[in-house]
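>>> Provide a 3D model corresponding to the input given below.
(one chain, ligands or ions: 1)
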Amino acid sequence: MARLFLEAPTAPSLFQDCLVEPEEARSILRPQRDERLGFGFTLSPYRGCAHACQYCYVREYPNALHGPEAWGKWIAPKLNAPELLWSQRHKVHNATVFLATATDPYQPIEREYRLTRACLRILLELGTPRVVLHTRSALVLQDLDLLRDFGNRLSVGFSIPTDDDTVRQVVEPKAPPIPTRWATIERLARSGIEVGLSVTPLMPVDNPQAFARRAASSGVSSAWVGRLRLLDRDPFLSLLQAKGWERILETEYVEEVRQAIQREIPRGLHTARRPTQQRCRAFPRKESHQPGLF
Ligand code: SF4
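As a prediction, the model looks like this:
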């Protein structure tokens, strides 16, 4: 199979302030059970994530290339992701495929590497019955043609965890601004792509009613409110305290936002009911997949 990233470096390089460390992966499909969508496989064309979300527990995963303090500063494109997927194609004829866990499939370097696009083309060709993309990035629009070709076999979960871009600048410093995300959702929805709003992990929302109205008017067909999960001794807790944002850990606050969204999107709301504190630092609960996060 011809590789599609001939323009992109295959040796370590720097992209903006991010170290790009291309690798050959050993596997590409991981069995997964999503609490809403059932059994399937996750497919991550990248390891690491340039979005650098401060609450991201993936920084603690043992297979990270660098320590937690370097999270957001490195990214490893899996150069052989399409070939691996093709070699394991028998698995996905009848399965839901989620892109991605532990990364965003639309990393800034996807502009050059096009690994997500190559994997999507294979899934399209195979007739995979259900594909769920999850992203925070407007880069998803570069694949609009492909997404359309899937018809109702594909949906996009788009993450907007706050209505305040100054909050976003603190908690997701290298991810796209909130207005750009709303505009991306609108473009996807207008193009006939099924889009779900993922309010995960829920961050401070200034005006839940206005936020919910914005969501309803954007064209999303569903919404998902997911609570923050904190690891033991999670430094993000100190950030919340320093900013006076501890209310996001309170059930009443989560309910307030959830109810506001439910009033505006009555048939499309899902809520993750999970504890806000994790016990194990290195391994978040296996069954507690956070579909809204990735
Ligand atoms: S939460 Fe998702 S988008 Fe943010 S850094 Fe972690 S993997 Fe990347």
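
>>> Please enumerate the helices of this structure.
Assigned by DSSP state H, the chain shows helices spanning 81-87, 110-113, 115-126, 144-150, 165-171, 178-190, 208-218, 235-243, 251-264.

>>> what's the pLDDT at the closest residue to S222 other than its chain neighbours?
Spatial nearest neighbour of S222, excluding adjacent residues (Cβ to Cβ, 6 or more residues apart in numbering): G268 at 3.5 Å. Every residue, glycine included, has its C-beta placed from N, CA and C. Reading off the confidence values, G268 has pLDDT 72.

>>> for D17, same thing?
Reported pLDDT for D17: 89.

>>> who are the neighbours in contact with it?
K73 (Cβ atoms under 8 Å, 6 or more residues apart in numbering).

>>> How about P9?
So, once contact is read as Cβ under 8 Å, 6+ apart, P9 ends up touching 20, 22.

>>> Tell me the spacing between it and the ligand.
Using Cβ to the nearest ligand atom, to the nearest Å, P9 is found at 21 Å from the ligand.

>>> what about that residue, distance to W245?
39 Å (Cβ to Cβ, to the nearest Å).

>>> pLDDT score assigned to the closest residue to G226 other than its chain neighbours?
Distances taken as Cβ to Cβ, 6+ apart place T200 nearest to G226, at 3.3 Å, with adjacent residues excluded. Among the per-residue scores, T200 shows a pLDDT of 94.

>>> Likewise for L231?
Residue-level pLDDT assigned to L231 equals 84.

>>> what's the answer for the one 10 residues further on, then?
At Q241, the model reports a pLDDT of 97.

>>> need the residues of the stretch 1-150 of the chain near the ligand, please.
Counting by Cβ under 6 Å from any ligand atom, the residues of the stretch 1-150 of the chain close to the ligand are 49, 51-53, 56, 58, 102-104, 136.
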